[in-house]
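what follows is a predicted structure for the sequence shown.
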Amino acid sequence: MTAVREIEFRDAIREAMSEEMRRDPRVMLLGEEVAQYNGAYKVSRGMLDEFGARRVIDTPISESGFAGMAIGAAMLGLRPIVEFMSWSFSLVAADPILNNAPKMLYMSGGQFGCPIVFRGNDGAGGQLGSTHSWCVEGLYSNVPGLKMAIPSNPHDAKGLMKTAIRDNDPVFFLESERLLSNKGEVPEAEYLIPFGQARVARAGTDCTIVAFGRPVLLALEAAQSLASEGVSCEVLDMRTIRPLDAGAIVRSVRRTGACVVVDQSWSFGSPGSEVASLVHRECFDDLDNHVHRVHSADVPTPYAQDLEQEYLPNPRRICEAVRSCLYRA
Amino acid sequence: MSVQLTMPRLSDTMESGTIIRWNVKEGDSVASGDVVADVETDKATMEMPVYDDGVISKIMVEAGRQVPVGTPIAVISVEGDADKPLAAAPAKPTTSPEVITSTAGEPRAVPAVSSPPSVANDGDSPRLRISPLARRMADEMGVPIALIRGSGPGGRVVRNDVLAAAERMKTGGIAPLAPGSALAPRTPSATLPLAVMAIGEGSREVALSGMRQSIARRLVESKSTIPHYQVSMKFNMDPLLELRAMLNEQLEPQGVKLSVNDFVIRACAIAMRAHPFFNASFAGDRVMLHGDVNIGVAISLPAERGGGLVVGVVHHAELKGLREIAATTRALAEKARGRGLGPEEMGGATFTVSNLGMFGVDNFTAIINPPNSAILACGAAVEQPVVRNHQLVVGHEMAATLSLDHRVIDGAMAAEYLKSLKQHIENPATLLV
């Protein structure tokens, strides 16, 4: 019998990493504070004790250096997990993670793969200022050759992380500081969640809301509030945006005839614009209005709390977009 | 620089026009005010002047072709600058195709536009605005898009509009479109009957003139969207005919000739004071009672002019005496049968009179001329046996039939209006003062 229990998002990720390290001796974890301090956000609590300093490695504050080192290790047969304390700090490692890892298989003529998981906190953590509040999915998902998972809950985080570790391509795994303490049901028994399979987080008939990561929770909140107005929203949790489950989006929009995308990255050249383009191409004859998009405002992330709240997608803005899309504004 | 001439909007309801004739050819010099073409609209054939001096460098639409309002039809190269390409013309976006941005930068109300067609069409192009989903649903449900009022931005027809129209169809009739509102443009196909096969050798086809298309479209819309019903009454015409004969004899030296219809128009106009709902328009969620009484008069056109029918308008009929009404109706008829009425002479009717008495018709019913709420159809004043003061005598009677919009006017109201008309017509001195 499978016991159902509730654990935190951070523990779900740790369970996935630990299970995979037990299963496969090639898997290792490295990053700032991951070992002796148990992780800056306590995601890797206890892992140094279990796996030892050869497989759980504290690095200097040098993202470019340890990301590059991990790529070398992957080319020689290991399967590293690289923790960035924040994805904001990965920008100094842009050359290894964007210019080397995703292209390695192609440029080596298939000789070297790059089975790495790059993971860390993404998005505005809450008053961290503009330079520490990056949503890198807009920038990074542009690059061919990588995969990108953005879970919204502990269950998906564990299943997707195990798939990420077993994947032979570099996987960018985007967590959220604001989700790490969220609890959710995670079965004891092993499970994996394949990439490219969206989840219907809420079924509905009037409007499809496409979201991933933390905005899924905001979309569910909005859908709950819209239900009291008689508007039935279907919320799709994409789980991975590379690969993107285009079929799930298209099937849903063909039923509802309306689509709102919620994406906390900036709007210009973003996953949200890619979804809008997809829907306009594949569902043109099914649309009663153009795709509406809710993004972070097109400015550097503000520090002030009320401004930051208004800058990010929030339930009120999502409700407004859905109403407008349904001509109810 | 170059100035682009576009199909002008010559009447409120004009959506397209046909170039009947070009008076110029490429290379001809033109001066401001020159009439370069005759354009047939849905109502009349009108002259199209230009407002620039220059050379016709290109004619883009040949005579005989029908194109939507705003379509570029010719280009004038203005002196001294002829070699510059059209695209270099100052492309200030204009809000309406009737406004030209001249080189002096002074907007003038002329039927031409110097901005690119895409900009010109942006404002009030006759293009159907409908969401892809709504279009597909309308197609699947058999709802004529032409009859759906769009509630979305810019009048876009959206899913809910189609569902509402389908519901109205089920319950027996789509509500009519309010006059002058931003409506989804009507497609000709909405009024097309089933496939028609020629029967018999010697069958021939007659292309629809712009006017005939307009009659087809407007009357189908009227008859299929307005709940018509008719109420008739007979009037004793002897006193009126007697008075008319006397007046015409006395006024002959002044060149005045009053027709029976002029008396009817006068009577209809005077009766409006007591019956404002006959001078009204149904406007969806309300009834508009008009301040002016503008009586439309149906004027048939001679076959050699292509036949058809126009409605000339006697504006402010409630303020006009018989002499002025007679002068106006005669001028309208002559102009309609001559070079055609202008938009101002055809627009703004609030009530319409159609009279077939001069053709010997006893009585008939007419179709309401939208956005009017009533139309009066008059037959001839026929000499016949009648009962007067319990005696069978010979006298003249005229049958008049009102067609009414039941959303505005009920049967009892119609009876009251006819009673007022009867009092005026049978006591014609009341029409003189």
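Perfect, I can see it now. Numbers count the residues shown, from 1 in each chain, chains lettered A, B, ... in the order given.

for the nearest residue in space to B:Val293 that is not next to it in sequence, the count of nearby residues, please.
Here the nearest residue to B:Val293 in space, its sequence neighbours aside, is B:Glu318; by C-beta to C-beta, 6 or more residues apart in numbering or on different chains that works out to 4.0 Å. (C-beta placed from N, C-alpha, C; glycine too.) Under the neighbour criterion other C-beta atoms under 10 Å in any protein chain shown, B:Glu318 is assigned a count of 17.

let me know the secondary structure of B:Glu318.
Secondary structure of B:Glu318, reduced to three states by DSSP: H, G, I helix; E, B strand; the rest coil: helix.

spit out the contact partners of it.
The neighbours of B:Glu318, taking C-beta atoms under 8 Å, 6 or more residues apart in numbering or on different chains as the test, are B:Ala269, B:Ile270, B:Met272, B:Arg273, B:Asp292, B:Val293.

switch to 7 Å and redo it
Applying C-beta atoms under 7 Å, 6 or more residues apart in numbering or on different chains, we find B:Glu318 in contact with B:Ala269, B:Ile270, B:Met272, B:Val293.

how close does the residue in the stretch 151-300 of chain B positioned nearest to chain A sit to B:Ser151?
Per C-beta to the nearest C-beta, the residue of the stretch 151-300 of chain B with the smallest distance to chain A is B:Arg159, at 4.3 Å. To B:Ser151, B:Arg159 is 10 Å away according to C-beta to C-beta, to the nearest Å.

ok, these two, which is more surrounded?
Just comparing B:Arg159 and B:Ser151: by other C-beta under 10 Å the higher neighbour count belongs to B:Arg159, 21 against 13.

shouldn't the more buried one be in contact with B:Arg136?
No. Using C-beta atoms under 7 Å, B:Arg159 is not in contact with B:Arg136, being 9.7 Å away.

burial count for the residue of the stretch 1-150 of chain B found nearest chain A?
Taking C-beta to the nearest C-beta, chain A has its nearest neighbour within the stretch 1-150 of chain B at B:Leu133, 4.2 Å off. With neighbours defined by other C-beta under 10 Å, the count for B:Leu133 comes to 22.

and for the one 10 residues further on?
Using other C-beta under 10 Å, B:Val143 is surrounded by 23 other residues.

so what's it up against?
Contact criterion C-beta under 7 Å, 6+ apart gives B:Val162, B:Ala165, B:Ala166, B:Met169 as the residues in contact with B:Val143.

mind doing that once more with 10 Å?
Taking C-beta atoms under 10 Å, 6 or more residues apart in numbering or on different chains as the definition of contact, the neighbours of B:Val143 are B:134, B:137, B:157, B:161-169, B:174.

which SS class is the residue in chain A that chain B sits nearest to?
Across chain A, the shortest distance to chain B (C-beta to the nearest C-beta) belongs to A:Asp288, at 4.2 Å. In terms of secondary structure, A:Asp288 is coil; the call rests on three-state DSSP.

which residues of the stretch 201-329 of chain A fall in helices?
Counting by DSSP state H, counting those that start in this stretch, one finds helices in the stretch 201-329 of chain A at the ranges A:215-227, A:246-256, A:271-282, A:305-311, A:315-325.

same question for chain B.
B:117-124, B:132-141, B:159-170, B:210-225, B:238-251, B:260-271, B:322-337, B:343-346, B:411-426 (DSSP state H).

returning to that earlier point: wait, isn't the residue of the stretch 1-150 of chain B closest to chain A in contact with A:Ala258?
Yes. Under the contact definition of C-beta atoms under 10 Å, B:Leu133 touches A:Ala258, with a separation of 8.6 Å.

mind listing the shared neighbours of those two?
Between them, B:Leu133 and A:Ala258 have A:Cys283, A:Asp286, A:Leu287, A:Asp288, A:Asn289, B:Arg159 as joint contacts when contacts are counted by C-beta under 10 Å, 6+ apart.

ok, the second one - contacts?
By that I understand A:Asp286. Contacts here follow C-beta under 10 Å, 6+ apart; on that basis A:Asp286 touches A:250, A:253-259, A:279, B:131-133, B:136-137.

just the third one next, same as before
Residues in contact with A:Leu287, defined by C-beta under 10 Å, 6+ apart, are A:253-254, A:256-259, A:279-280, A:325, B:131-134, B:136, B:159.

repeat that with 8 Å
Contacts were defined as C-beta under 8 Å, 6+ apart; by that measure A:Leu287 touches A:Val253, A:Gly257, A:Ala258, A:Cys259, A:Val279, A:His280, B:Ser131, B:Pro132, B:Leu133.

please apply the same query to the last one.
If a contact means C-beta under 8 Å, 6+ apart, then B:Arg159 has A:Gly257, A:Asp288, B:Ser131, B:Leu133, B:Ala134, B:Met137 as its contacts.

how many residues are close by the first one?
When you say that, I think you mean A:Gly257. The local packing count at A:Gly257 equals 26, with neighbours defined by other C-beta under 10 Å.

and B:Ala44, how close does it get to B:Val313?
With distances taken as C-beta to C-beta, B:Ala44 is found 13 Å from B:Val313.

which neighbours do the two share?
Counting by C-beta under 8 Å, 6+ apart, the shared contacts of B:Ala44 and B:Val313 are B:Met346.
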